[in-house]
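**Student:** fold the stuff below for me.
(chains A, B, C and D, ligands or ions: 4)
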Amino acid sequence: MRVAENLNLALHGVLADDPGVHVLGEDITDPYGGAFKATRGLSDRFPDRVHAMPLSENTIVGVAGGLALAGDKAIVEIMFSDFVGLAFDAVLNLLSKSVTMYGRRVPMPVVVRCPTGGGRGYGPTHSQSLQKHFLGIPGLSVHEMSPFHEIRDQFDTMLASGEPCLYFEDKVLYTRPMYTGGVVDDLLRYELVDGVAQVYAEDPQAATCVVIAPGGVAHRAMAAIRSVLVEDEISCVLLVPDRLYPFDVGPLLPLLARAGAVVVAEESTAGGTWGADVAAAVHEQLWGRLRRPVVLAHSAGSVIPTAVHLERTVLLQEENIRDAIRKAVA
Amino acid sequence: MRVAENLNLALHGVLADDPGVHVLGEDITDPYGGAFKATRGLSDRFPDRVHAMPLSENTIVGVAGGLALAGDKAIVEIMFSDFVGLAFDAVLNLLSKSVTMYGRRVPMPVVVRCPTGGGRGYGPTHSQSLQKHFLGIPGLSVHEMSPFHEIRDQFDTMLASGEPCLYFEDKVLYTRPMYTGGVVDDLLRYELVDGVAQVYAEDPQAATCVVIAPGGVAHRAMAAIRSVLVEDEISCVLLVPDRLYPFDVGPLLPLLARAGAVVVAEESTAGGTWGADVAAAVHEQLWGRLRRPVVLAHSAGSVIPTAVHLERTVLLQEENIRDAIRKAVA
Amino acid sequence: MTAVAVEPRLTELADADLESLLLIRHFEQRLLELFSAGLLHGTTHTCLGQEYVAVAISGLLTDADHVFSNHRGHGHYLARFADPEGLLAEIMGREGGVCHGVGGSQHLYREGYLSTGVQGESLPLAAGVAMKLKRTGHGGLSCVYIGDGTWGEGAVYEALNLIALHALPVLVVVEHNGIAQSTPTARQMAGTIAGRAAAFGVAHRRIDSVDVAAIRTELAPLVEQVRTGHRPLVVEFATHRIGPHSKGDDTRTDEEIARVRAADWLPRYRRDHPEQTARLEPAVWARMDAVAGEVSARPQSTWERSA
Amino acid sequence: MTAVAVEPRLTELADADLESLLLIRHFEQRLLELFSAGLLHGTTHTCLGQEYVAVAISGLLTDADHVFSNHRGHGHYLARFADPEGLLAEIMGREGGVCHGVGGSQHLYREGYLSTGVQGESLPLAAGVAMKLKRTGHGGLSCVYIGDGTWGEGAVYEALNLIALHALPVLVVVEHNGIAQSTPTARQMAGTIAGRAAAFGVAHRRIDSVDVAAIRTELAPLVEQVRTGHRPLVVEFATHRIGPHSKGDDTRTDEEIARVRAADWLPRYRRDHPEQTARLEPAVWARMDAVAGEVSARPQSTWERSA
Ligand SMILES: Cc1ncc(C[n+]2csc(CCOP(=O)(O)OP(=O)(O)O)c2C)c(N)n1
Ligand SMILES: Cc1ncc(C[n+]2csc(CCOP(=O)(O)OP(=O)(O)O)c2C)c(N)n1
Ligand SMILES: [Mg+2]
Ligand SMILES: [Mg+2]
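**Tutor:** Ligands and ions are numbered 1, 2, ... in the order given. Next comes the predicted model:
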């Protein structure tokens, strides 16, 4: 099953199982079914809980908060995650604050879906990876779609958390298959441990390098660990979490310590990255037990150009991860 | 001279010396002169370039961009930095992108002033330190006011950069004095080296711990280095940069390496902090030369309560920096 | 917003309504005194002169309704809950505060009531709640108080468009006091509030009166339309902010301040109904004395941090 | 937006104007072909059916004016600069592109011209430029093209308020094609665009005609008012999007598509002025053939990354 289909099924399932859930967004109703078709069939099936919204990102998020405040739950689609900046205030000062600033927790079960990332030639305002700008907001968690994580489970977890959640969906994943049964391909296996997918060719406990990457980067990271295994005989384990923030490195420490080399790969542009935050936690916990500092792999500190040949020079590529692994184990 | 006066003089000076500069914001005109009086006297003196704006943060920033696009320069006051989230899109996708996404640099000399921080009992939506959310945006730099840095020089640098700049002004600084002549008080001296203020009691080259903190935290950091000197005989040097992003640790490395212990202190809530970004750069550069990982001191991962006795339990205090120093040198 | 030339006699109110009006007035005057005495920190925004808006509106609301308030919200809260202890404790950070001292003056939450200090945020939230209320079908509505200056914020228009499109039971109460912080409305707002409502096909009613009973009579059928007809409504009160924006930051001219003071409903009401006022006002004073004394003596609030 | 019942004969245009119209049409049809052939990546939004708006407006602009365009901007660009090479090279990422291939279809910048793909951002920017133009005093204006759907965004209202307050020389051109991506206007917009302009005291003119000459005649004095009287203006074109939103994503019914096609200005113009069209169209085709061939043969663009 493709990831987009898993996503669509998850939305269908959530709406079917919980009569309190609403879906809101621009152009999400049938027959269009959303810019990336994630919401296909929803409005035909649940016409009174699937709401086509005007171009009003800020207000859509606020309305979702209102539904939540009144006891329902809401899933918002921001057409391109680039536009979630228009709702930054609603996320930071309205939804997250509503949970936290009234002296007791006010539940605010809202998921804001953010189709994200580049690689499709959509240009500078339709290709960004803005996850990092939402880290460290009390009352807000940041999640990411991955080909390893059943999306329905993710939605259930997010909605049950009672706080607003951003859910980043790397657009390149939509057409990729979901992995099932612990098998990626003839070489790679995976296992879900505490919500983190561990992907490996050989015994992960014996890996010499750990690569941590969100779902959108998983394929590039898998290509990289495959090629360093073949070309350099470096054995890696890839960790793909389902939540970027809060992110607890605790359970991963034994793996990281044994390997002694860590790479964090993400598509964000340079500076103030998620990787830097993960690295700070890892360095604090594993001081003296790593061969060198956590290697951060990310896109260049640049606008993302439209032309494919230019875009490639900016966005994180498999090679960058490969180089980062080599640097980490050098 | 108080910091607020230095700020006010800087604005007067910039407007007087450059007929292309505009100032825009809510309630900034005389006799009110802005919520924190920073713009006092400006509109009486330059009535046609000081523009009172409606409550429209997003559009105020966009209008500033338009003035810049047309060849002028603009300084915006966001009444409380907490509201800059309303202009997040304008900062990220309009101003910063205009500089970078048209294949050649389109100059966009705009400074967005953001009165920031807590400690005044203004409550959860008027006390935040949001600097960290603006790190790593290509074409955008993030600056901070400090009692060591002549504000006029900072404005000149920012406007000359030709790109949008956020300028965070910790509100607790307004009533504090500017330091001049290298002297803080009977104990502490300072020196400006490459735009970074070095504050110390004893020879900074012999310091056993380096504390890095933005301007708003400087007084808490100075109190901390003073008390660890007196109580624990730990000799620290405090580094106060005028720009948080991009932040080049390069020139500071000798000092950091000699000390072998580094603390980064900021008022931001926990998670995805500026300190984590600085730490990543420091660890990369000084691997094996620090006694322990860079210690990050920041506020709790919590909403900022209104009541002073509660606010204190959340916001970064002098004691937290002191504890961080002790941890760093332990 | 021009001073009322002919002042008809104000309708005599039920004691409870007058008490509510007086409670708000004396609560806030007490607040300003506490601030001057250095007993309060942070900031506060009083609604001196505008109390009748909240009292008139509250009389039209039911328990099924949700109220969304703003920075200038003490009147909205007290008119709804008559809980000066909880509010004062909140503002003073004492035990028993509505939000344990976390929210403070501008950030209050109670079942069916929410305020926040970021202008423009409440309308989208109110629209969302109204979507749910409409589905529930018990005739509840969202009532949102906003100021004239808040019409600068784009969120207001985004939400109004949505409210009209979805025919949501939302009552927008605009307290048009002619000023936003320090800026007169004419320097903030092009066009009119009536025009804005019309732009979205939303009903609008302007209220120039300070007569609580008359206001209620005029609005009752329209509010009923909001509830049962799902016809959203913008009610614009031409009103006057007698006090400063927050504390001591009033840069209006003496003439201007005299002009707004002259529009105060309280001296008029005292004049028109001296006996009732004289009968009730001392009790309200006494209550506020007691409340202030009792709350000031409480220990500091405690709070279990959730996030 | 209902099909024109009586179709008066369209005024014969100067050759240059018709060439401009035809250039836009054939440029974009070529684009769609290139996409289908897999020679283009990313996305694109064609203005098929709406070309006359840009051509009519461009004829009223001067070099002192600034144009702000949006996602559906090829027509705006070509009507202003007649530069199909630069635009095609930009879209194809070839040498000589307006922005070296960095911006692509939606993000163009040239002196006095800027487009971006985030709806609603351009109006505040245009207001800022207009502030400067007004100060300069040479009669320049900011011309902003937006769609009907973009009236969902709060920034539009914030900016309109400011434009009216400061009496800025801004011409807002609304291409009201009755749809936003897949959503009919009636499901996006409560009220009317005329009402929105009125709310802010901004002049409004609705244009139902597709007759470039007649449109210019009607608008010329109003545009002059924008320039010299600093009277901002909203011009609303009732128009029709003949093609898909971007590529192949048209979910309208066949009847609906037939209806919008029937409103196309080009068959009408061909019918009314067969000789002129027959004389000019082949040359435009030939030019587009040449441009497509020449640009496709260019090397990939190079770009020196600034930040
Ligand atoms: C988004 C935002 N911008 C600015 C402010 C600062 N501020 C608080 S109240 C106020 C004026 C509001 O005016 P109005 O809506 O007329 O209400 P009034 O104070 O007159 O009751 C301003 C500018 C704010 N709280 N939120
Ligand atoms: C802020 C923002 N939200 C959503 C989009 C996605 N989007 C691009 S065009 C469009 C529809 C715009 O409709 P309209 O303004 O009527 O212009 P038209 O496409 O009809 O020319 C949408 C939703 C966007 N580009 N920017
Ligand atoms: Mg007001
Ligand atoms: Mg449209």
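
**Student:** tell me, how many residues neighbour the residue of the stretch 101-250 of chain A found nearest ligand 3?
**Tutor:** Nearest residue of the stretch 101-250 of chain A to ligand 3: residue A:101, at 23.9 Å (Cβ to the ion). Every C-beta, even on glycine, is put in place using the N, C-alpha and C of the backbone. The number of residues packed near residue A:101 is 31, by other Cβ atoms under 10 Å in any protein chain shown.

**Student:** so it is in contact with residue C:104, correct?
**Tutor:** No - contact criterion Cβ atoms under 8 Å: residue A:101 and residue C:104 do not qualify, at 9.1 Å.

**Student:** shared neighbours of these two, which are they?
**Tutor:** B:123, B:305 (Cβ atoms under 8 Å, 6 or more residues apart in numbering or on different chains).

**Student:** okay, the nearest residue to residue A:163 once chain neighbours are set aside: pLDDT?
**Tutor:** Closest residue in space to residue A:163, ignoring its immediate chain neighbours: residue A:99 at 4.9 Å, by Cβ to Cβ, 6 or more residues apart in numbering or on different chains. On the pLDDT scale, residue A:99 is placed at 93.

**Student:** now swap in residue C:1 and tell me
**Tutor:** In this model, residue C:1 is scored at 44, pLDDT.

**Student:** now swap in the one 4 residues further on and tell me
**Tutor:** According to the model's per-residue confidence, residue C:5 sits at a pLDDT of 55.

**Student:** quick one, helices of the stretch 1-150 of chain C?
**Tutor:** C:15-36, C:51-58, C:74-81, C:84-92, C:122-136 (DSSP state H, counting those that start in this stretch).

**Student:** and the last one, what does it pack onto?
**Tutor:** Taking 3 or more Cβ pairs under 8 Å, 6 or more residues apart in numbering or on different chains; DSSP states H and E as contact, the helices and strands that helix C:122-136 lies on are helix A:57-69, strand C:66-69, strand C:113-115, strand C:142-147, helix C:154-165, strand C:170-176.

**Student:** what residues are up against the residue of the stretch 101-250 of chain A closest to ligand 3?
**Tutor:** B:123-125, B:303, B:305, C:99, C:102-103, C:107.

**Student:** burial of the closest residue to residue C:161 other than its chain neighbours, as a residue count?
**Tutor:** Excluding its sequence neighbours, the residue lying closest to residue C:161 (Cβ to Cβ, 6+ apart) is residue D:190, at 5.3 Å. By other Cβ under 10 Å, the residues close to residue D:190 number 21.

**Student:** these two touch, right, residue D:190 and residue C:165?
**Tutor:** Yes - using Cβ under 8 Å, residue D:190 is in contact with residue C:165, at 4.6 Å.

**Student:** kindly state the beta-bridge partners for residue A:191.
**Tutor:** When bridges are called by DSSP bridges, residue A:191 pairs up with residue A:198.

**Student:** can you give me the neighbour number for it?
**Tutor:** Around residue A:191 there are 13 residues (other Cβ under 10 Å).

**Student:** ok, now residue C:287?
**Tutor:** Neighbours around residue C:287, by other Cβ under 10 Å: 17.

**Student:** tell me if it really is in a strand.
**Tutor:** No - using DSSP: H, G, I helix; E, B strand; the rest coil, the assignment for residue C:287 is helix, not a strand.

**Student:** that one and residue C:85: what is the separation?
**Tutor:** Note on residue C:287: its distance to residue C:85, by Cβ to Cβ, to the nearest Å, is 10 Å.

**Student:** residue A:217 now?
**Tutor:** 55 Å.

**Student:** spatially nearest residue to the residue of the stretch 101-250 of chain C found nearest chain D, not counting backbone neighbours?
**Tutor:** Relative to chain D, the nearest point of the stretch 101-250 of chain C is residue C:154 (2.0 Å; Cβ to the nearest Cβ). Leaving aside its chain neighbours, residue C:154 sits nearest to residue D:154 (2.0 Å; criterion: Cβ to Cβ, 6+ apart).

**Student:** that neighbour against residue A:55, yeah?
**Tutor:** No - under the contact definition of Cβ under 8 Å, residue D:154 does not touch residue A:55, with a separation of 9.8 Å.

**Student:** shared neighbours of the two, anything?
**Tutor:** residue D:120.

**Student:** which of the helices and strands packed on helix C:122-136 sits closest to ligand 2?
**Tutor:** helix A:57-69 (6.0 Å; Cβ to the nearest ligand atom).

**Student:** from the chain's centroid, how far away is the helix or strand following the closest one?
**Tutor:** Scanning forward in sequence from helix A:57-69 by DSSP states H and E, the next helix or strand is strand A:73-77. Counting by Cα atoms, centre = their mean, to the nearest Å, strand A:73-77 is centred 17 Å from the centre of its parent chain.

**Student:** can you list the residues of the stretch 51-200 of chain C near ligand 1?
**Tutor:** Residues of the stretch 51-200 of chain C found near ligand 1 (Cβ under 6 Å from any ligand atom) are C:71-72, C:117-120, C:147-150, C:175, C:177, C:179-181.

**Student:** give the contact list for residue C:255.
**Tutor:** Residue C:255 neighbours (Cβ under 8 Å, 6+ apart): none.

**Student:** give the rounded mean pLDDT of the helix or strand harbouring it.
**Tutor:** Per DSSP H and E, residue C:255 falls inside helix C:254-262. Here helix C:254-262 scores 96 as its mean pLDDT.

**Student:** mind listing residues that contact the helix or strand just after that helix?
**Tutor:** Counting by DSSP H and E, the next helix or strand C-terminal to helix C:254-262 is helix C:265-272. For helix C:265-272, contacts defined as Cβ under 8 Å, 6+ apart pick out C:7, C:9-10, C:12, C:18, C:21, C:25, C:49, C:51-52, C:210, C:277.

**Student:** tell me the centre residue of chain A?
**Tutor:** The structure's chain A has its C-alpha centroid closest to residue A:144; by Cα atoms, centre = their mean the separation is 1.9 Å.

**Student:** right, and that one touches residue A:217 too?
**Tutor:** No - Residue A:144 is beyond contact range of residue A:217, at 9.3 Å (criterion: Cβ under 8 Å).

**Student:** hey, what's in contact with both of the two?
**Tutor:** residue A:170.

**Student:** mean pLDDT added to the helices and strands packed on helix C:122-136, as TSV?
**Tutor:** As requested, the helices and strands packed on helix C:122-136 are exported to TSV (pLDDT from 0 to 100):
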stretch	mean pLDDT
helix A:57-69	98
strand C:66-69	98
strand C:113-115	98
strand C:142-147	98
helix C:154-165	98
strand C:170-176	98
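
**Student:** hey, which of the ones you listed is tucked in deepest?
**Tutor:** Ranked by mean neighbour count, these are led by helix A:57-69 with a mean of 31 (mean count of other Cβ atoms under 10 Å in any protein chain shown).

**Student:** near chain C at all, that helix?
**Tutor:** Yes - against chain C, helix A:57-69 shows contacts by Cβ under 8 Å from any Cβ of the partner chain at A:58-69.
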